[in-house]
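A.B. asks: Predicted model and sequence follow; I will ask about them next.
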Amino acid sequence: MHDRSLVRLVADTRLRGVAGPLPVRTYWPVGPRTAPLLVFLPADGIEGAEPLCRAVCSGSGVVVLCVSYRKPAWADGRCDAILATEWAADHARELGADPDRLLLAGEGAGAELATAVAAHARERGWPPLVHLANLSHLTNSEGKT
């Protein structure tokens with residue numbers, strides 16, 4: 001039986017954030033093709049999002065960049081989310097992803113931040129990004145696709 005949460009590689013790193021290091025975890029799908037890049041803003045941090053990120057990466061074939069943003073101050077989290085999304089757009093090729101297929105999503109407070117980042121991107125004239133309202137349609141209740 002095929003394990004739907006199978007990914008090629010998972011790596012933790014830190015981006016240079018405004019208030020110090022900004023932890024991110026990247027998931028790469030199995031396969032040789034250049035994939036879209038999803039910036040994901042989780043409700044419960046990187047660790048809590050592990051099953052969902054694995055399921056989305058393996059089931060949809062996208063590179064997932066899961067971002068740990070500052071809480072509870074909304075303005076701080078917004079700043080972190082914008083910074084991470086800008087970084088992802090600038091470094092998509094280095095991540096083996098297609099820079100012309102940048103996706104953005106979140107859950108809980110992260111969904112609100114994703115909406116704010118998408119609005120910021122439109123206001124600033126960024127290259128197009130696709131804002132996904134949520135990822136629930138990609139997984140079942142067990143975090144599997």
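C.D. replies: Alright, I've got the coordinates.

A.B. asks: what residue ranges in the chain are flagged as low confidence?
C.D. replies: 1-5, 134-145 (pLDDT under 70).

A.B. asks: What's the biggest helix in it, counting residues?
C.D. replies: helix 74-91 (DSSP state H).

A.B. asks: Need the contact partners of it.
C.D. replies: Contacts with helix 74-91, where a contact means CB atoms under 8 Å, 6 or more residues apart in numbering, come from 15, 17-19, 22, 24, 37, 39, 41, 65, 67, 69-71, 95, 99, 102, 104, 106, 109-110, 112-114, 116-117, 120-121, 126-127, 129. Every C-beta, even on glycine, is put in place using the N, C-alpha and C of the backbone.

A.B. asks: Could you pick out the buried ones from those?
C.D. replies: 15, 17, 22, 24, 37, 39, 41, 65, 67, 69-70, 95, 99, 102, 104, 106, 109-110, 112-114, 116-117, 121, 126, 129 (16 or more other CB atoms under 10 Å).

A.B. asks: Look at L65 and tell me its secondary structure.
C.D. replies: strand (DSSP: H, G, I helix; E, B strand; the rest coil).

A.B. asks: Enumerate every residue touching it.
C.D. replies: Counted by CB under 8 Å, 6+ apart, L65 has contacts 24-26, 37-40, 84, 88, 95.

A.B. asks: can you redo these as TSV with secondary structure and distance to R8?
C.D. replies: Shown next, in TSV, are these (DSSP: H, G, I helix; E, B strand; the rest coil; distance: CB to CB, whole Å):
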residue	secondary structure	distance to R8
V24	strand	17
R25	strand	14
T26	strand	11
L37	strand	15
L38	strand	15
V39	strand	19
F40	strand	17
A84	helix	22
A88	helix	18
L95	helix	12
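
A.B. asks: and which of these is nearest to V7?
C.D. replies: T26 (9.8 Å; CB to CB).
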